[in-house]
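Q: Just a sequence and a predicted model for now, questions to come.
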Amino acid sequence: MRRSIPRLLSRASAEYEENILNKLINIKDPLHDKSLRSLGYLKTITSDTLELQLPSPFHPHRFSLLDQVEAALPKMRVVETYGKHQEQNNDDDKKNLTGPGLSNTSAIVSVYSCKGGVGKSTVSVNLAYALAKTKNLKVGLLDCDIYGPSLPTLISPEDITVRRSDIGKMILPIEHEGVKVLSLGYVSPKSGIPGAGTAISPEAAVEPAVIRGPMASRVVTQLIKGTDWGDLDILLLDMPPGTGDVQLTLCQEVVMDGAVAVTTPGSLSKVDVLKGITMFQSLNIPTLAAVENMSYFINPATKEEHKVFGVQNEHTDLSLASPDDIVRVPLSEAVSSANDSSLPVMLSPPSSFTAPSASAYASLADVLVKKLFKRDVGLSLAFTSLPPDSSQDPIVIDGKHIDANSLSLKLDKTRGLLMLRIFSEDGAAEKEIDPTALLDSNPKTGETMGGSSS
């Protein structure tokens, strides 16, 4: 039988690593009031690099914790990873489904309405910039409506040239105010937008007005999978209205992490958006938040709220987990003016004129990030480290007392060994464990048991 052989790190390396950890001892995650080390956030440490592994890129204190770690270790490079969330993104099956252009995208969320004219594209655009501006996230936005793309009207990038990527025959999105954006309106030279499609071959041009359903689905799929999105925390898909071929194809071709529903207070819009919620649920895609757009009007003279569409639907049930998941956006001249000037409210100078709408979009970003974080925490192993418990016997390995919260177990696929990283009162250590030997070991004592069978 092969025996596991402990391999202790050199004392110099252990002391260096312990010195690094001591510099971070007072940095705590406010969510748990525990140190980064006890929560298992501090992973690989080299001479010039520290791996900070949070449970999710949507951790509400992500950037604060990162700033504190970088301030404590000014000469080291801090690399962010995201535990089980990142393992799922690196899954081979998911990579094969999404393609190389989406391989570094943490979450994909669709914004849908199932009914035209409710302001879905306006919500999508402002949500994208709210996530980028108020949450400091790396955001992408794809306009999936090939019959009537709205994005080129709602924003006005200085350079709308769609360029080739170094990855295969893929294209690069346009970058505007910290958000990566793309629309068929920018890709097709027949879209009516001056300069559109000038950097791609004529064969890539598509006539958007006369495409049948199956072809439309293929065009949208090519837009999302044929684009090199780079590193993104979240990609928003501004879906066309309805529950047809395009919507179903996208839901089946792309691994979506959730959706945002957009409706108006009227009963007719509510009926349609409930169809969308049902469709997404049938495809195991949760609706994480809902927007009741044009929910009320604020009288500029009296500051009173008026329910323009009546009060009968004030407490609309959209089949969501909590009423807090519904964000109400006012009917506002500021939004209309922003759309006409191609300058979204979230990019407009702050004022009392834009504040109510901007606040609502920021609230929507907050709801979405919290829901994505809760989802990631459910997937993550970062919170499963053993809490200190004085009532339990201490863990002893090779005669050394071990801090249970510092244990880290990884699989070395090349050698087929489990690598157990530990910290004791004497410093850091690492043990190589043969998984086959575990079959013959007593789970309580670790001693070899006789008479094992295959």
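A: Okay, I see it. Keep in mind that what you see is a predicted model, and the values were worked out from it rather than measured. Numbers count the residues shown, from 1 in each chain.

Q: pLDDT weak spots in the protein?
A: Scanning the chain with the threshold set as pLDDT under 70 gives 1-11, 83-98, 188-214, 310-322, 378-417, 419-431, 434-454.

Q: remind me, longest helix of it?
A: Longest among the helix segments of the chain by residue count, using DSSP state H, is helix 355-379.

Q: list the helices and strands it packs on?
A: Of the remaining helices and strands, those touching helix 355-379 by 3 or more C-beta pairs under 8 Å, 6 or more residues apart in numbering; DSSP states H and E are helix 83-89, helix 120-134, strand 258-263, strand 287-292, strand 326-328, helix 333-340. Quick note: C-beta positions are derived from backbone N, CA and C, even for glycine.

Q: Pull out the buried residues from stretch 140-149.
A: Of the residues in stretch 140-149, those buried by neighbour count under the rule 16 or more other C-beta atoms under 10 Å are 140-146, 149.

Q: and if you look at stretch 240-249?
A: In terms of neighbour count (16+ other C-beta under 10 Å), stretch 240-249 has its buried residues at 240-243, 245-247, 249.

Q: Just those residues: which are in helices?
A: 245-247, 249.

Q: Give me the nearest residue to residue 150, chain neighbours excluded.
A: Counting by C-beta to C-beta, 6 or more residues apart in numbering, the nearest residue to residue 150 once its immediate chain neighbours are dropped is residue 121, at 3.9 Å.

Q: Confirm for me that that neighbour is in contact with residue 154.
A: Yes - in this structure, residue 121 sits in contact with residue 154. The criterion is C-beta atoms under 8 Å, and the distance is 6.4 Å.

Q: More neighbours: these two, which one.
A: A direct count of neighbours by other C-beta atoms under 10 Å for residue 121 and residue 154 places residue 121 higher, at 27 against 24.

Q: Quick one: the ones in helices among the buried residues of stretch 240-249 as TSV, columns for distance to residue 21 too.
A: What follows is those, written out as TSV (distance: C-beta to C-beta, whole Å):
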residue	distance to residue 21
245	54
246	51
247	49
249	49
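
Q: This protein: helices as residue ranges?
A: Under the criterion DSSP H, helices of the chain are mapped to 11-23, 62-72, 83-89, 92-98, 120-134, 151-154, 184-187, 213-225, 245-253, 267-282, 333-340, 355-379, 435-438.

Q: Show me what the second one is in contact with.
A: By that I understand helix 62-72. Residues lying outside helix 62-72 but in contact with it, judged by C-beta atoms under 8 Å, 6 or more residues apart in numbering, are 23-24, 27, 29, 36, 41, 50, 52, 54, 59, 78, 80, 136.

Q: Tell me the one of those nearest residue 115?
A: The shortest gap between residue 115 and any of those belongs to residue 136, at 32.9 Å (C-beta to C-beta).

Q: Apart from its neighbours in sequence, what residue is nearest the closest one?
A: Of all residues apart from its sequence neighbours, residue 63 sits closest to residue 136 (C-beta to C-beta, 6+ apart), at 5.5 Å.
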